[in-house]
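**Q** Below: sequence and its predicted model.
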Amino acid sequence: KAGVTQTPRYLIKTRGQQVTLSCSPISGHRSVSWYQQTPGQGLQFLFEYFSETQRNKGNFPGRFSGRQFSNSRSEMNVSTLELGDSALYLCASSRTDYGYTFGSGTRLTVV
Amino acid sequence: TQLLEQSPQFLSIQEGENLTVYCNSSSVFSSLQWYRQEPGEGPVLLVTVVTGGEVKKLKRLTFQFGDARKDSSLHITAAQPGDTGLYLCAGESGYALNFGKGTSLLVTP
């Protein structure tokens, strides 16, 4: 079966711009969560959605936002990009509380 | 934020050696998961442990969950070059995973 699909795989943006990343979960998975991975901080939780409702949010500024659609697909948006936002952004989907399937991520570079 | 500490941070061993990676926290988690990540890819789930004292085996990998559900270990027997990667432990709490910083393992032939 198809895994978690994230698009695009790579992205280069300029400081001050905004960006939207997309995630298609595994069919039947209603929970989608987002993580930011950097060499210094490791993997950090951004937010989680279930049936279009945000159930939890990590400690990130309001520039980071997300949403989930009725087909469980999710997007995250980062506005007013900063150099420190350069990271691998990972999406994960889950059907139960135990075990997540991650996508390959979107590598965002802010210049 | 509940912190998970992994040790060692880096490990370089030769093929055939055994190794153990540790994951410790001051907090209790509903479940603890182990993932392996290769460069440029997302983490891949290896195992989920839920019950205190639980031991799970996955071929040459043995996972233990501490009795108090605050710590875990991953033991690899007879490591192979294909085991090379970043091993991450993650505790589940409130629909979120709290990850350790990971153990970077290099197995050379």
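**A** Looks like it came in fine. Residues are numbered from 1 along each chain as shown, chains lettered A, B, ... in the order given.
**Q** contacts, neighbours, all on C-alpha from now
**A** Will do.
**Q** Chain A contacts on chain B?
**A** Counting by C-alpha under 8 Å from any C-alpha of the partner chain, the residues of chain B lying close to chain A are B:31, B:33, B:40-45, B:47-48, B:94-102.
**Q** again, only this time at 6 Å
**A** Listed as neighbours of chain A in chain B under the rule C-alpha under 6 Å from any C-alpha of the partner chain: B:41-42, B:101.
**Q** For residue B:83, what are phi and psi?
**A** phi -80, psi -10 (degrees, to the nearest 10).
**Q** Against chain A, how distant is it?
**A** In this structure, residue B:83 and chain A are 19 Å apart, going by C-alpha to the nearest C-alpha, to the nearest Å.
**Q** Ok, residue B:61 next?
**A** As for residue B:61, its distance to chain A is 17 Å (criterion: C-alpha to the nearest C-alpha).
**Q** Which ones among the residues of chain B next to chain A map onto helices?
**A** With helices taken from DSSP state H, there is no overlap with the residues of chain B next to chain A.
**Q** wait, which of the residues you listed is closest to residue A:38?
**A** Residue A:38 has its nearest neighbour among the residues of chain B next to chain A in residue B:101, at 10.1 Å by C-alpha to C-alpha.
**Q** Other residues contacting stretch A:65-74?
**A** Residues external to stretch A:65-74 that are found in contact with it (C-alpha atoms under 6 Å, 6 or more residues apart in numbering or on different chains): A:23-24, A:30, A:52, A:75-77.
**Q** Relative to residue A:90, which of the residues of chain B next to chain A is nearest.
**A** Distance from residue A:90 was checked for each of these by C-alpha to C-alpha. The minimum falls on residue B:42, at 6.7 Å.
**Q** wait, that closest one sits on residue A:104?
**A** Yes - the pair formed by residue B:42 and residue A:104 meets the contact definition of C-alpha atoms under 6 Å, at 4.5 Å.
**Q** So how do I select the buried members of the contacts of stretch A:65-74 in ChimeraX?
**A** Only the buried entries of the contacts of stretch A:65-74 go into this ChimeraX selection, using 16 or more other C-alpha atoms under 10 Å in any protein chain shown:
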select /A:23,24,30,52,75,76
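**Q** could the contacts of stretch A:65-74 go into JSON lines alongside distance to residue B:18?
**A** Formatted as JSON lines, those follow (distance: C-alpha to C-alpha, whole Å):
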{"residue": "A:23", "distance to residue B:18": "38"}
{"residue": "A:24", "distance to residue B:18": "38"}
{"residue": "A:30", "distance to residue B:18": "39"}
{"residue": "A:52", "distance to residue B:18": "45"}
{"residue": "A:75", "distance to residue B:18": "42"}
{"residue": "A:76", "distance to residue B:18": "41"}
{"residue": "A:77", "distance to residue B:18": "44"}
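**Q** okay, among the contacts of stretch A:65-74, which ones form the most distant pair?
**A** Among the contacts of stretch A:65-74, the pair separated by the greatest distance (C-alpha to C-alpha) is A:30 and A:77, at 19.7 Å.
**Q** Need the per-residue pLDDT for the one residue in chain A that gets nearest to chain B.
**A** Residue nearest to chain B within chain A (C-alpha to the nearest C-alpha): residue A:104, separated by 4.5 Å. Listed pLDDT for residue A:104 reads 97.
**Q** Nothing else from me, thank you.
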